[in-house]
Structure formats: C-alpha cells, structure tokens
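In: One predicted model, sequence on top.
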Amino acid sequence: MIEAPLTDGRSSTVDAESSTRVKFYQTGTFTAGNRLLDTELRTVQSSEERTNAITCGHRACQGCGEALGARYALDAAMRATNNNVIAVNATGCLEVFSTPYPETSWQLPWLHSLFGNAAAVASGVAAALRRQGREHIRVVAQGGDGGTTDIGFGCLSGMFERNDDVLYICYDNQGYMNTGVQRSSATPPAARTATTPALGSAPGNPFGIGKDVPRIAMAHNIPYVATASVSDLHDLEAKVTRAMSMHGARYIHILVPCPLGWAHPTRDTIRVARLAVESGVFPLFEAERGEVVRSNAIRRRIPVEEYLTTQGRFAHLFKPKRDEVRLAALQELADKNIERYNLLPGSTTMESTTMKEVKA
C-alpha cells in the first residue's frame, strides 16, 4: 500500500499494484509555442515578440512545408537583426500564395522579383543600402528550387562570386509545384512528375542528372552554406541566426515537402521530412569557406525504402512489382551522403548494389 496526495492537500492510501501509474510529460519537448522551456531553448514562435513576418491569410495548401519553412526562417532572421530585414522573393509558390493582388501576408519590407533574378535584385538592394550607409539593414533573398537551381542559377552564382552581402534561402520542394508539378534539377531520381511520368522501362526522373546546389555553393568558397529541414525547426532557426551573424554571400537550402507534388497526406509533412533526413536522402550540415564544419548525426537510421513508401511519386517502384535495381541505387545515393557528411560516425553503410545497372 502507498499514500497518494490529493488535490486539496490530503492524502489517500491506494494499492500500489492496482493503481494506474501517473505519466509525467517532459517540459523539454521542442514543440512550437512551448513556453515551459528555458528561454534560450524556445523557438522564435514561442515568443510573444515574434514578428510574424509571414502572417495569417495566405493561400498555401494544407500541409505546405514551404509556408512553415518561410515563417521560421524569416522570423529567425528578423530576431537576429532586431527586425532590420528586407526580403526579395522570386516568382513561385511562396510568392503566389502569399501575395495575391492586392493583398499580402508579409509584414516586412518585401520585393517581388522575376522568376530567375532574385539573387541579382537582392544584390542590388544590398549595394544600395551600402551606398546609403545603412548596412545594418540586412537582405534575404528567397526562391523555390525552380527559381534557384534552374532559372535563377546564373544570377545566384554571380552573387556567390561577388560575395554580395545577401542570405539566399532556397525552399526545396523538388519540383515546379506551382505550375503543375514539373521536374526541376532538384527533383530526385525515379520521382514521378508531370514531365517525368511513371512510364516506360525506366519510369520517373532519370538517374545521373540534376544539381547539388549546396555543394556548388561550397565550391564558390563563400562564408556560409547550410542545409536544413522543416523536420527540425530548432536547427533551422539556429542556422538562419548563424548566417545572419555573418556578412558576405550565404546560402541555406531547406527541404520543404509538398503534399500535392509528393502525393503524401497533408498531415505527414513533418514526418516525411524527418524520414528524408533519417534515411540519409537529405543530409543536414554546415560549411564555411568551402569546408564542412558541422553535420547533424542521424539519431535513428532507416532504410531509404521507408521514406519512399510514404509518397505516391515513388509508388511505381513498388507496384505492380518491386524495382529492386532502382531501389538499391537510391539506397546507394543515401549511403554516399552518410559517408560524405559523416552522419553516422564509425558506422558502415548499408549494403547496396551499384548504380551501373541503372545507368545502363
């Protein structure tokens, strides 16, 4: 028998074996808005002083990873600069759903550029501020993977080469989702899109094409490059804050799942993003002056297949029959990421066949 306290200060004796165990929940859960955490551990969103840089009223789809990523990234940038930020936004999903004329959901100085010149426009804004002696006002450029890795790639490389004082953020949903889910150079191999249909002997996006823009950014030897994901919002905020503490060209590539284009339930956006990280498909790391300085170790490694089966865009790899060769090739790509960025220190990669069969 044990003595149990009551709410009015009294106590009651109960049978320890038959009583229900009381569950105590940790205050350290990293949920948005959790104010039970120590101040330094809270997200920007848990503060009543957050700027709400992108506020309610926008028209993003349910479960939109880009809307979530932009909210956290821009609010973190605003906090890091005492609200001295100007944002330049390429044409794309983020621009379309946040600024349907004559309305806007942005609560900071915000410019809409063309699809391909956000980096160039941001560089011009930074130059104008420097000329005016207002360098305390920082510039953030934003674009999707289409406007970043494809249409705006030349302007972005120029911004890197000149080392302009701009933070460029790419919200990567791995396709042109706003115009009908077409392939971009960030679309993963084997993924089904409107322009890479699940037809023929090698359905989906071909292997061996596309661009790894974070590594290309590193090759420019700029001050800071990082990857982030909406599955770890504390990490995302920390990387934006670190980037805003530096000057010169900086680049952050954020994974933002798209329920429409990826064909997953709207409730699973964070789960799918987490599986991409835990499988090694999307490595999280930071680089300074061309060298990786930090990487996020995978806490619970999973096979790539567990990530792929959450999305309809990869359904053809499993039905009407399993495509063992292409599944193995995707696993190999993840294994290479894990090795390259040391995501599992001291571990060996999962067994997989070579990609020669796929490329053949």
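Out: Cool, the structure landed.
In: and the residue lying closest to P109 once chain neighbours are set aside, how many neighbours?
Out: In space, and not counting its chain neighbours, P109 is closest to I86: 4.4 Å by C-beta to C-beta, 6 or more residues apart in numbering. C-beta here means a position set from N, CA and C on the backbone, and glycine is covered the same way. Applying the criterion other C-beta atoms under 10 Å, we find 19 residues in the vicinity of I86.
In: try G146
Out: Count around G146 with other C-beta under 10 Å applied: 30.
In: Touching, it and G175? I think so.
Out: Yes. If you go by C-beta atoms under 8 Å, G146 and G175 touch, sitting 7.5 Å apart.
In: who touches both of those two?
Out: S184 (C-beta atoms under 8 Å, 6 or more residues apart in numbering).
In: partners of the one helix or strand Q142 maps to in the sheet?
Out: Q142 belongs to strand 138-144 when assigned by DSSP states H and E. If you go by DSSP bridges, strand 138-144 pairs up with strand 85-89 (parallel), strand 167-172 (parallel).
In: so where's this protein uncertain?
Out: When residues are selected by pLDDT under 70, those of the chain lie in 1-36, 346-360.
In: Dig out what the residue nearest to P109 forms beta bridges with.
Out: Note on I86: beta-bridge partners V139, judged by DSSP bridges.
In: got a list of what it touches?
Out: Counting by C-beta under 8 Å, 6+ apart, I86 has contacts 108-111, 125, 129, 137-140.
In: swap the cut-off to 6 Å and go again
Out: 109, 125, 139 (C-beta atoms under 6 Å, 6 or more residues apart in numbering).
In: Check T99 too.
Out: Contacts for T99 (C-beta under 6 Å, 6+ apart) come out as none.
In: Next, work out how far apart it and P259 are.
Out: As judged by C-beta to C-beta, to the nearest Å, T99 and P259 stand 22 Å apart.
In: in stretch 320-329, what counts as buried?
Out: 323, 326-329 (16 or more other C-beta atoms under 10 Å).
In: again, but for stretch 46-65
Out: 46, 50-51, 53-54, 58, 60-61, 63-65.
In: how long is that stretch end to end?
Out: The straight-line separation of the ends of stretch 46-65 (C-alpha to C-alpha, to the nearest Å) is 19 Å.
In: for stretch 316-326, same thing?
Out: Using C-alpha to C-alpha, the end-to-end distance of stretch 316-326 comes to 11 Å.
In: cool, stretch 295-303 as well?
Out: End to end - C-alpha to C-alpha - stretch 295-303 spans 20 Å.
In: what's the answer for stretch 153-171, then?
Out: One end of stretch 153-171 sits 14 Å from the other (C-alpha to C-alpha).
In: And for stretch 274-288?
Out: So stretch 274-288: terminal residues 25 Å apart, C-alpha to C-alpha.
In: Repeat that for stretch 181-193.
Out: Terminal residues of stretch 181-193 are spaced 6 Å apart (C-alpha to C-alpha).
In: and it, how far from the chain's centre?
Out: Between the centre of stretch 181-193 and the centre of its host chain there is 17 Å, according to C-alpha atoms, centre = their mean, to the nearest Å.
In: Give the buried residues for it.
Out: Result for stretch 181-193 [16+ other C-beta under 10 Å]: buried residues 181-193.
In: And T193, which helix or strand is it part of?
Out: Per DSSP H and E, there is no helix or strand for T193.
In: residues in contact with the closest residue in space to F285 that isn't next to it in sequence?
Out: Leaving out its chain neighbours, the residue that sits closest to F285 by C-beta to C-beta, 6+ apart is S295, at 4.1 Å. Counting by C-beta under 6 Å, 6+ apart, S295 makes contact with 285, 341-343.
In: which one is H264 nearest to, not counting chain neighbours?
Out: Using C-beta to C-beta, 6+ apart and skipping the chain neighbours, the partner closest in space to H264 is Q311 (4.9 Å).
In: Next, work out how far apart that neighbour and A329 are.
Out: Applying C-beta to C-beta to Q311 and A329 gives a distance of 17 Å.
In: Also D145?
Out: 22 Å.
In: thought D323 was touching L317?
Out: Yes. In this structure, D323 is within contact of L317 by C-beta atoms under 6 Å, at 4.7 Å.
In: quick one on the thing from earlier: could you check how many residues crowd around the residue nearest to H264?
Out: By the criterion of other C-beta under 10 Å, Q311 has 22 neighbours.
In: can you give me phi and psi for it?
Out: phi -130, psi 130 (degrees, to the nearest 10).
In: List the contacts of it.
Out: Applying C-beta under 6 Å, 6+ apart to Q311 gives the contacts 262-264.
In: same thing but 8 Å
Out: Contacts of Q311 (C-beta under 8 Å, 6+ apart): 262-264, 272.
In: Can you add secondary structure, neighbour count and distance to K211 and give the contacts of S295 back as a markdown table?
Out: Below are these laid out as a markdown table (DSSP: H, G, I helix; E, B strand; the rest coil; neighbours: other C-beta atoms under 10 Å; distance: C-beta to C-beta, whole Å):
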| residue | secondary structure | neighbour count | distance to K211 |
| --- | --- | --- | --- |
| F285 | strand | 21 | 17 |
| Y341 | coil | 20 | 17 |
| N342 | coil | 14 | 23 |
| L343 | coil | 21 | 21 |
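In: Y224: which of the residues you listed is nearest?
Out: Closest approach to Y224 among those (C-beta to C-beta): F285, at 11.6 Å.
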